[in-house]
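Undergrad: Below are the sequence and a predicted model; questions follow.
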Number of protein chains: 2
Amino acid sequence: MFSIGELSKRTKVKVPTIRYYEEMGLLAEAERTSGNQRRYDKEGLERLSFIRHARDLGFSIEAISSLIELQDHPDRSCEAATDIAVSQLADVRAKIKRLKLLERELTRISKGCDGHGVSEDCYVLASLADHELCEREH
Amino acid sequence: MFSIGELSKRTKVKVPTIRYYEEMGLLAEAERTSGNQRRYDKEGLERLSFIRHARDLGFSIEAISSLIELQDHPDRSCEAATDIAVSQLADVRAKIKRLKLLERELTRISKGCDGHGVSEDCYVLASLADHELCEREH
DNA sequence: GTAATGTCTCTAGTGACTAGAGGTTCAATA
DNA sequence: TATTGAACCTCTAGTCACTAGAGACATTAC
């Protein structure tokens, strides 16, 4: 059994975040010492690692809730889990797509001014003021 | 002179968002009718278009504030403006990089399970539980 | 026994909005 | 001119996933 600080060190999840996950129902309520401090075991550690990893991959708290629910019922179909992963993947791909358009536009805009002039003639400011100056929709 | 609803239509920025921008100091306080309703002119329209475009490109409210400050002083050096744009570009590139790693990992994970089994054997869930199953850091 | 560190709960703040309540004003029609 | 209905006003609170800080209590090392 170890403290919340120890759990934090092992999982690299900050202490207040652990408490937050408990409040959100992602982590079961921890056992307490006689002095009301939380104590964790291997199971708590594994669950938090799971959450941490899923968060790192960009899953929402809600999605992680569903995944944990499935984990707790090993006999259920895992269709929902793959659905969540696939939708998360689609999300990531959409974000990449959009960011690439932005990158293109920002690169163009940045190159338009070397920063040595005055604001009145700045291509960066002009570009932002006038969408027409953009190469394409973004 | 036109109403906030009209401004909203022309810029595609929602009405409460316009009020929010005013509160944040991005938009000057609008003139009011005798009945206390906001009225805008061409200048307000142009400024909001500027904000909208910058937000679309992912600039933060704070960054936009600085850009507007520069816009209002046409004689100042525009170095700060190009700095902001360049740093925004770096930001976008960093995000793309990270998302590509995620995409790779999520693709691999998604392919590992067709969703027809039970949760106990699900590769998606196993991957999330065990970071070691990942190809690389993400 | 004491001191330092860790932990507790609670409230409030972050960014960029969005939603809703309850009331007022405007513009178009009868 | 009177009425209606849409648009507008302010204010508060909610979103997401935390993060920060205050003030009090517990644990651990010496």
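TA: Yep, that arrived. Numbers count the residues shown, from 1 in each chain, chains lettered A, B, ... in the order given.

Undergrad: count of neighbours near the spatially closest residue to A:A129 that is not a sequence neighbour?
TA: Excluding its sequence neighbours, the residue lying closest to A:A129 (Cβ to Cβ, 6 or more residues apart in numbering or on different chains) is B:F50, at 4.9 Å. Every residue, glycine included, has its C-beta placed from N, CA and C. As a burial measure, B:F50 scores 21 neighbours (other Cβ atoms under 10 Å in any protein chain shown).

Undergrad: and what of A:A90?
TA: Neighbour count for A:A90, taken as other Cβ under 10 Å: 12.

Undergrad: Could I get the pLDDT score of it?
TA: In the prediction, the pLDDT value recorded for A:A90 is 93.

Undergrad: Name the helix or strand for it, please.
TA: helix A:79-111 (DSSP states H and E).

Undergrad: Now do the next helix or strand after that helix, average pLDDT.
TA: For helix A:79-111, the following helix or strand on the C-terminal side (DSSP H and E) is helix A:123-129. What helix A:123-129 shows for mean pLDDT is 93.

Undergrad: excluding its backbone neighbours, what's nearest A:K12?
TA: Once flanking residues are discounted, A:K12 sits nearest to A:R52: 7.0 Å by Cβ to Cβ, 6+ apart.

Undergrad: Next, the contact list for that neighbour, please.
TA: By Cβ atoms under 8 Å, 6 or more residues apart in numbering or on different chains, the contact set of A:R52 is A:11-13.

Undergrad: And the pLDDT for A:L133?
TA: Looking at A:L133, its pLDDT is 82.

Undergrad: these two touch, right, it and A:S127?
TA: Yes: between A:L133 and A:S127 there is a contact under Cβ atoms under 8 Å: 4.8 Å.

Undergrad: Could you list the low-pLDDT ranges of chain A?
TA: In the prediction, chain A carries no residues with pLDDT under 70.

Undergrad: Look at the residue nearest to A:K12 and give its secondary structure.
TA: Three-state assignment for A:R52 (DSSP: H, G, I helix; E, B strand; the rest coil): helix.

Undergrad: can you check A:G35 too?
TA: Look at A:G35: counting by three-state DSSP, its state is coil.

Undergrad: What's the local residue count around it?
TA: Neighbour tally, A:G35, other Cβ under 10 Å: 5.

Undergrad: So which residue is smack in the middle of chain A?
TA: Centroid-nearest residue in chain A: A:G58, 3.7 Å away (criterion: Cα atoms, centre = their mean).

Undergrad: Would you check that it makes contact with A:R93?
TA: No: look at A:G58 against A:R93 with Cβ under 8 Å: they stay out of range, at 11.6 Å.

Undergrad: hmm, back to that, quick one: the helix holding A:A90 near DNA strand D?
TA: No: on the criterion Cβ under 7 Å from any atom of the strand, helix A:79-111 is out of touch with DNA strand D, staying 11.0 Å away.

Undergrad: for stretch A:63-72, same thing?
TA: No: if you take Cβ under 7 Å from any atom of the strand as the test, stretch A:63-72 misses DNA strand D, and the best it gets is 7.6 Å.

Undergrad: Distance of the residue nearest to A:A129 relative to A:E29?
TA: 50 Å (Cβ to Cβ, to the nearest Å).

Undergrad: Repeat that for A:Q71.
TA: Remark: distance between A:Q71 and A:E29 (Cβ to Cβ) = 18 Å.

Undergrad: From DNA strand C, how far out is A:D41?
TA: Taking Cβ to the nearest atom of the strand, to the nearest Å as the measure, A:D41 falls 14 Å from DNA strand C.

Undergrad: residues contacting that residue?
TA: Counted by Cβ under 8 Å, 6+ apart, A:D41 has contacts A:1-2.

Undergrad: Distance check, it against B:L89.
TA: In this view, A:D41 and B:L89 are 47 Å apart by Cβ to Cβ.

Undergrad: A:K95 now?
TA: According to Cβ to Cβ, A:K95 and B:L89 sit 16 Å apart.
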